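Peer 1: got a structure for you, letters missing:
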């Protein structure tokens, strides 16, 4: 078995593994539709290299050569559409069919020309180079780019250059051979296949890393989200709030940055748990009555929290009062009044999230003790803990 033929078998195995990996990723995360396109692309690549192996047996050579050529075309088309899905860039759905049809016509014209003809070799590689540039153009049109995106751009550019350079490489290394069996024994077959396989490996690995990163991000986001309302859950809100307050603390100056915490409790006297519809409507109402950059979370069955940057105590109170009135009007039904108890506090210099939460809970408790359907504030100056009260009593 020649070195090139052995390499073909290795590449077939690699393509099968990559296709299975992308398919497994799609099965795990159906929202990652780009993985499905890439899985199909590597099936097409494996088909092409299997056909290369079949061609050495002289089994229906004309058909086999067409399968080899068009399978790689299909692979690149599927890769381009996979990148379009991954980067949310529009590619016309009929474009792939048009490219495949044009390539089929081109190969039908040239494939029976002598293998060693330079023009035939150059024209044969042209669709692959152009399709590599099509994928490159998809990534360059993406709105934002990470380091991996630039790596892919470089790899696709190198892949396009690789296809253009192949006819010249064939001349330099002694030709492509007269027959398919001659071809697999040439230096050119081993070198060009090895270089293409390496570039394909890097491209596949980088694309898989990007898709895996997207899936991981979705899983983290899902873990932090409440299924019924779509808001942050308690753990997600706490994590983000702690980071936000900590970041604000690093910018503390003589002029205190404004940040308020609003805790909201739904009062449903006849039903301890709010209905799913009420919860969804409540989440929507909160979104309509808080700043667009505020963190909003569901802390318990009927309890919510809002962390509002660049918002002082009075502005937060005005938002809370408007929310309270809107909830009274929209959520209450005959015999099922829905009112809100709201506690609000403002961050003082040097405080962490736990300090805000303690005062916010105190204010919410005061609102509930007052009968609910009201807003209470907890300013730092008039708030003392039970430990501080005991210390003052001992004096």
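Peer 2: Perfect, I can see it now. Every value quoted in this text rests on a predicted model; they were computed, and no experiment measured them. Numbering: from 1, shown residues only.

Peer 1: Contacts for the helix or strand residue 121 falls within, please.
Peer 2: Using DSSP states H and E, residue 121 sits in helix 118-140. With CB atoms under 8 Å, 6 or more residues apart in numbering as the contact definition, helix 118-140 has outside contacts at 69, 72-73, 76-77, 79-80, 83-84, 87, 89, 91, 99, 102-103, 106-107, 110-111, 113-115, 145, 149, 152-153, 156-157, 159-161, 163-164, 166-167, 170-171, 176. For every residue, glycine as well, the C-beta is placed using N, CA and C.

Peer 1: and those, which are buried?
Peer 2: Among the contacts of helix 118-140, the ones that count as buried by 16 or more other CB atoms under 10 Å are 69, 72-73, 76-77, 79-80, 83-84, 87, 89, 91, 99, 103, 106-107, 110-111, 115, 149, 152-153, 156, 159-160, 163, 166-167, 170, 176.

Peer 1: low pLDDT regions in the stretch 251-395 of the chain?
Peer 2: 251-257, 268-276, 333-336, 380-395 (pLDDT under 70).

Peer 1: sec struct for the spatially closest residue to residue 7 that is not a sequence neighbour, please.
Peer 2: Closest residue to residue 7 apart from its sequence neighbours, by CB to CB, 6 or more residues apart in numbering: residue 193 at 5.2 Å. Under DSSP: H, G, I helix; E, B strand; the rest coil, residue 193 falls in the helix class.

Peer 1: And the one 3 residues further on, by the same measure?
Peer 2: Using three-state DSSP, the secondary structure recorded for residue 196 is helix.

Peer 1: Adjust the sequence numbering to begin at 275 for everything that follows.
Peer 2: Understood, numbering begins at 275; the last thing we discussed is residue 470.

Peer 1: List the buried residues for the helix holding residue 395?
Peer 2: 394-399, 401-403, 405-410, 412-413.

Peer 1: Distance from the chain centre to the very next helix or strand once past it, please.
Peer 2: Per DSSP H and E, the first helix or strand lying C-terminal to helix 392-414 is helix 421-447. Relative to its parent chain, helix 421-447 has a centroid offset of 28 Å by CA atoms, centre = their mean, to the nearest Å.

Peer 1: Packing partners of helix 421-447?
Peer 2: helix 392-414, helix 461-497 (3 or more CB pairs under 8 Å, 6 or more residues apart in numbering; DSSP states H and E).

Peer 1: ok, now which ones touch residue 597?
Peer 2: Shown in contact with residue 597 (CB under 8 Å, 6+ apart): 538, 559-560, 563-564, 614, 616.

Peer 1: can you pull out the strands in the stretch 525-669 of the chain?
Peer 2: 533-541, 569-572, 577-583, 613-620, 648-652 (DSSP state E, counting those that start in this stretch).

Peer 1: To residue 304, which of the ones you listed lies closest?
Peer 2: strand 569-572 (25.5 Å; CB to CB).

Peer 1: Distance from the closest one to the middle of the chain?
Peer 2: 22 Å.

Peer 1: can you pull the buried residues of it?
Peer 2: Quick answer for strand 569-572 (16+ other CB under 10 Å): 569-572.

Peer 1: number of nearby residues for residue 592?
Peer 2: 13 (other CB atoms under 10 Å).

Peer 1: Find the nearest non-adjacent residue to the residue minimising distance to the centre of the chain, please.
Peer 2: Against the mean C-alpha coordinate of the chain, by CA atoms, centre = their mean, the closest residue is residue 488 at 3.1 Å. The shortest distance from residue 488 to any non-neighbouring residue, by CB to CB, 6+ apart, is to residue 306 (6.2 Å).

Peer 1: For that neighbour, give me phi and psi.
Peer 2: Taking degrees, to the nearest 10, you get phi -90, psi 70 for the backbone angles of residue 306.

Peer 1: how close does it get to residue 293?
Peer 2: Going from residue 306 to residue 293 by CB to CB, to the nearest Å gives 15 Å.

Peer 1: Ok, residue 653 next?
Peer 2: Remark: distance between residue 653 and residue 293 (CB to CB) = 63 Å.

Peer 1: So which of those two has more stuff around it?
Peer 2: Per other CB under 10 Å, whichever of residue 653 and residue 293 has more neighbours is residue 293, with 20 against 13.

Peer 1: residues in contact with that one?
Peer 2: 312-317, 320.

Peer 1: buried ones in stretch 460-473?
Peer 2: Across stretch 460-473, burial judged by 16+ other CB under 10 Å covers 460, 462-467, 469-471, 473.

Peer 1: Stretch 554-563 now?
Peer 2: Of the residues in stretch 554-563, 555-557, 559-560, 563 count as buried by neighbour count, 16+ other CB under 10 Å.

Peer 1: Stretch 646-655 now?
Peer 2: Residues of stretch 646-655 classed as buried under the neighbour-count rule (16+ other CB under 10 Å) are 646-652.

Peer 1: can I get those in a markdown table with distance to residue 586?
Peer 2: What follows is the buried residues of stretch 646-655, written out as a markdown table (distance: CB to CB, whole Å):
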| residue | distance to residue 586 |
| --- | --- |
| 646 | 25 |
| 647 | 24 |
| 648 | 20 |
| 649 | 15 |
| 650 | 16 |
| 651 | 11 |
| 652 | 14 |
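
Peer 1: What is the most widely separated pair among those?
Peer 2: In the buried residues of stretch 646-655, two members sit farther apart than any others by CB to CB. They are 647 and 652, at 18.2 Å.

Peer 1: Looking at the buried residues of stretch 646-655, spot the one nearest residue 523.
Peer 2: The closest of the buried residues of stretch 646-655, once distances to residue 523 are taken by CB to CB, is residue 652, at 19.2 Å.
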